[in-house]
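>>> Next come a sequence and a model predicted from it.
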Amino acid sequence: MMQTEVTPAESDVSELDLVKKCQAGDSEAFDELVTRYRTRVFGMIYNMIHNEQDAWDLAQDSFLKAWKSIQRFRGQSSFYTWIYRIVMNVTIDWIRKKQVKGSGSEFDDSIQLKEIDPASRTMPKPDALPYEGMQRSEIRARIDQAITQLSPEHRAVILMKEIEEMQYHEIAEALDCSIGTVMSRLFYARKKLQNLLKDVYENI
Amino acid sequence: MKTFEEKWTAWVDDELTGDELVAFEASLPDKTTAQAEKKAAHQLRSLLQRELHAPTMANEEFFSHQLRERMARDEEAEVTRSGGDPSPWWTIGRLLWTGAASLALFLVCAVLVLRDKNPEEQSQYLTEILTAKVDPVGAPDATVSMFESKGDRVTVLWTEGLKSLPSDYAAK
């Protein structure tokens, strides 16, 4: 399950109570929720887009949107799943708009589906680099580059599953899709990353 | 019915259990290769968890401060948009009352205008200029009406209930 920044003192006030206060117009209660989730939200967005300033701005937009639509939160899911849904919508929209404005194809699902045979075994690249010779920053760059080649939806599922350690149903709620779709996206996202990063994780 | 991809994902995440696990593993053509794949997926997970640290927010309090300012600005803009009145004037109740009042006013006007514009039994083509009793004593039901069409320069004398028209009759 996803961890939050809740301290023991903060956790005295339940999330639902804070949400109810927000719905009554209490901006300080919302400030409390922001404090609990800002780092997670910022980190999630950063791992999706790899730019600090943009991640900051998108996190701001996400929280602002959450404040404006807090009346629509019915408490059927946890608050963090709800806020993640907003975060994902804002971030995926941003990536898609950027993609439309940009020149080349940063990601291409059709190529991905054609290139990956579900039954095939991922092969190590012949020019695998030994870990000793690879700086940490290089590894990070390789991972970022590989993630960038995934579609926004595939980036979202792999990060929510592997980094945030969210359950399938939580990811499905956050992305407004079925659990089957989440599992299918995870399958292809993993296959693609395994192909792209095989030499990295096998040599560490 | 789960697809192969869904079952594979659940298997990699150790979420397949019982009969489903047995059936899935039995369906794999090469279990050794599949196990190697699973191990690779776990290695990938470890790599991502180890390396994907987002940079810490340099100034978390400033983030919240900036957000509070944006929320306040947004609220001000909202108030300005609604004409300085923080409460929305056009509530649903007011809209309903206004709509009903407008409809009633329209109906009253329409009835008045139609009644004026539609005098009874009037010809669409001729203007009635006179209706008179011919002989209240000898022929009480007899009437004579005169119509005029100015466009066609025609005057029509319409008599009803008369057996004959007296030669010395002149409409008054």
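Now that the structure is in, tell me what you want to look at.
>>> what ranges do the strands span in chain B?
Counting by DSSP state E, one finds strands in chain B at the ranges B:127-135, B:139-149, B:154-160.
>>> angle of the second one against strand B:154-160?
Interaxial angle of strand B:139-149 relative to strand B:154-160 (axes from the mean of the first three to the mean of the last three Cα atoms, to 10 degrees): 160 degrees.
>>> list the helices and strands strand B:139-149 packs on?
In terms of contact count using 3 or more Cβ pairs under 8 Å, 6 or more residues apart in numbering or on different chains; DSSP states H and E, strand B:139-149 is assigned the packing partners strand B:127-135, strand B:154-160. The C-beta positions use only the backbone N, C-alpha and C, and glycine is treated the same way.
>>> Can you give me the distance of the residue nearest to A:K68 when sequence neighbours are not counted to B:T80?
Distances taken as Cβ to Cβ, 6 or more residues apart in numbering or on different chains place B:D74 nearest to A:K68, at 7.5 Å, with adjacent residues excluded. With distances taken as Cβ to Cβ, to the nearest Å, B:D74 is found 11 Å from B:T80.
>>> One more: B:D135?
81 Å.
>>> do B:V144 as well
From B:V144 across to B:T80, the span is 74 Å (Cβ to Cβ).
>>> So the two - more neighbours on which side?
Remark: of B:V144 and B:T80, B:V144 carries more neighbours, 20 against 9, as counted by other Cβ atoms under 10 Å in any protein chain shown.
>>> If I look at the residue nearest to the more buried one when sequence neighbours are not counted, what pLDDT would I see?
Excluding its sequence neighbours, the residue lying closest to B:V144 (Cβ to Cβ, 6+ apart) is B:T159, at 4.7 Å. We note a pLDDT of 78 for B:T159 in this prediction.
>>> ok, now A:R38?
The per-residue pLDDT reported for A:R38 equals 94.
>>> burial count for the nearest residue to it once chain neighbours are set aside?
Counting by Cβ to Cβ, 6+ apart, the nearest residue to A:R38 once its immediate chain neighbours are dropped is B:F63, at 5.6 Å. Neighbour count of B:F63, defined by other Cβ under 10 Å: 21.
>>> list the contacts for B:F63?
For B:F63, the contacting residues are A:V34, A:R38, A:F42, A:W56, A:A59, A:Q60, B:M57, taking Cβ atoms under 8 Å, 6 or more residues apart in numbering or on different chains as the criterion.
>>> From A:A174, how far out is it?
Here the criterion is Cβ to Cβ. By it, B:F63 lies 21 Å from A:A174.
>>> repeat for B:W158
Taken as Cβ to Cβ, the spacing of B:W158 relative to A:A174 amounts to 85 Å.
>>> Is A:C177 part of a helix or strand, or is it coil?
coil (DSSP: H, G, I helix; E, B strand; the rest coil).
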